[in-house]
Each structure stands twice: as C-alpha cells, then as structure tokens.
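Trainee: need coordinates for the below:
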Amino acid sequence: MPEKICDAHVHLGESGPWQPHHKPEIFIDELMRLFNKFHVEKAIVFPNPNPGDKYPATNDYIAKCVNNYPKRLIGFGRTDPRRGKEAIDELVRIKEKLHLSGLKLHPMVECFRPDHPFFAKFFQKTAELNLPILFHTGDGFSSPRLIAKIAKKHPGLTIILGHLNEGCVNIMRERENVYVETSGTIPEFVEMSVDIDENRVLFGSDVPYYRYPVQMAVVEAAEISPKAKRKIFHDNLCKLFK
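Mentor: Residues are numbered from 1 along each chain as shown. Here you go, the predicted structure:
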C-alpha cells in the first residue's frame, strides 16, 4: 500500500435512483474512515448523480464538507448542462459563492452530447471561470473523442478524463491540457499513459462504486517506475491543485 494517496475521483453524498441494483450513497464520516484506513491524504469529491434540480443542494453539501475538511477535500460541483442559463448560473455559484475547485460531468447520466452547439456557451463559461472538468468517459455521449473537441476549443481549460481507456490515451497524446484518471482501468493503459506523460496521470478510486484495494492494485501492477507510481498515487494531483 502506498504511504499516502491523493484520489482524483470520489463521490460524496446522497444518490439519485439511477442504479436500481445499487445505491451508492456515502457520507462524510464514513468517507473519512475510508480515507484514514487507506492513507488518503487528499481527494477530489463531488456529488453523486442526481440529474435535475437536486444538484444545487448536493453542491451545497460538498461545499460544507470542504469547509469542514479543507486540507483533505478538493470540492467539485455538478450541474445539468441541458438546463441552459440555469446551468450556467450554477457554474457561477459553484465558483464564486461555494468556492469549489472544479466541475464533474457525466454525459451519459445527464444525457448530453458535449460537442453539440447548444452547450457551447456552457463550456465557454466554464473556461472563463477556470473550472477544471472531470468527465466520465466510456461509450456513446461519453466518448473521449467528443470530449476532445472541448479540450481543443478551450486549450487553457484543464480536462480530466475519468476511467482511463484506450480512447483516453489517444486524446492525452493529442492534447496537453488533458489528464487521465485511473479508476476502472487496466495496467496496460496506465503504462501507455505514463509513456506519453507521467505527470498527467492521476490515481482515482471511484469510491463508493469501486474499492480502494482493487483500484490501487491496478496501478501497482503496472510495469512503470517507482517514481511514476509515486506521481500517480500522490504528487500529480497535489501539483495540479496546489
């Protein structure tokens, strides 16, 4: 087990009924027990999926937790980009009132195609506010290739591609403002990413959906240097969010 970890992907708070077989709610006391058990020094935390009008309340909860644990939590907010001006107003509130550090988006859960012209103003405002975005990646609307168009249009915007996969590796190679995060990946993709830039690979657990021992073991199994592992498990995220 690493001596200390910085985790780029942690859900916190109540969850909407989007997974009938699993209700992944976790609250701050339980999360802190996990952090202490697995030597998590600092983590990006954001609301569970709650599409619709619940995100302002769950963003408030994230801000409250960050205020209580400012040295251990990096708060990201969420909003539903389909809500147009309402979503943009929430972006401003996330940054200027709640003082959160970034944004989490899940194009499949929130059912939007990132490169659709309707969302151009949303991403322009995100870039103006300098809010890094952690994207869920996978198939369909969550394709890394679609997200790459946002990274290209806003080269000053930091984008983290969650759930490192082959598509993420390709985008990381093309765009210097793109980082990758390791939850749900395999050792081979960790190795490929490190070959591109070991400074842009972040450890992620996706707690409470995944478990720390499994997600840590994937990075440990990668055939990379101890220095690169230390950067992934800790140093890169600390450097990105000084």
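
Trainee: secondary structure element for residue 29?
Mentor: Secondary structure assigned from DSSP states H and E places residue 29 in helix 28-37.

Trainee: packing partners for that helix?
Mentor: Applying 3 or more CB pairs under 8 Å, 6 or more residues apart in numbering; DSSP states H and E, we find helix 28-37 packed against strand 5-12, strand 40-47. C-betas here are computed from N, CA, C, even on glycine.

Trainee: mind listing what's buried in stretch 171-180?
Mentor: For stretch 171-180, burial by neighbour count (16 or more other CB atoms under 10 Å) applies to 171-172, 175, 178-180.

Trainee: so for it, mean pLDDT?
Mentor: Stretch 171-180 shows a mean pLDDT of 98.

Trainee: and stretch 121-128, by the same measure?
Mentor: 98.

Trainee: circling back: name the residues that touch the helix holding residue 29?
Mentor: 10, 12, 40, 43, 45, 65, 68-69, 72, 207, 212 (CB atoms under 8 Å, 6 or more residues apart in numbering).

Trainee: what sits against the most centrally placed residue in the chain?
Mentor: Taking CA atoms, centre = their mean, the centroid of the chain lies closest to residue 134, which sits 3.6 Å from it. With contact set as CB under 8 Å, 6+ apart, residue 134 has these partners: 8-9, 44, 46, 76, 102-105, 160, 162, 181.

Trainee: distance check, it against residue 75.
Mentor: As judged by CB to CB, to the nearest Å, residue 134 and residue 75 stand 12 Å apart.

Trainee: and the angle for the longest helix belonging to the chain with strand 40-47?
Mentor: The longest helix of the chain (DSSP state H) is helix 55-68. Interaxial angle of helix 55-68 relative to strand 40-47 (axes from the mean of the first three to the mean of the last three CA atoms, to 10 degrees): 160 degrees.

Trainee: if you average pLDDT over helix 55-68, what comes out?
Mentor: Mean predicted confidence for helix 55-68 is 96.

Trainee: and for stretch 232-241?
Mentor: Rounded mean pLDDT across stretch 232-241 is 97.

Trainee: buried residues, that stretch. List them.
Mentor: Neighbour-count burial for stretch 232-241, counted by 16+ other CB under 10 Å, picks out 232-237, 240.

Trainee: strands of the chain, start to end?
Mentor: Using DSSP state E, the strands found in the chain span residues 5-12, 40-47, 73-77, 102-105, 133-135, 159-161, 178-181, 201-202.

Trainee: can you list the low-confidence ranges for this protein?
Mentor: 17-20, 51-52 (pLDDT under 70).

Trainee: sorry, back to before: would you mind writing the CA trace of the helix holding residue 29 as CSV?
Mentor: Listed next in CSV are the C-alpha coordinates belonging to helix 28-37 (Å, rounded to 0.1, in the frame of the first residue of the first chain):
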residue,chain,number,x,y,z
ILE,A,28,-18.6,12.4,5.2
ASP,A,29,-18.0,10.4,8.4
GLU,A,30,-17.8,7.1,6.5
LEU,A,31,-15.7,8.6,3.8
MET,A,32,-13.2,9.9,6.4
ARG,A,33,-12.9,6.4,7.9
LEU,A,34,-12.1,5.0,4.5
PHE,A,35,-9.5,7.8,3.9
ASN,A,36,-7.8,7.0,7.2
LYS,A,37,-7.8,3.3,6.5
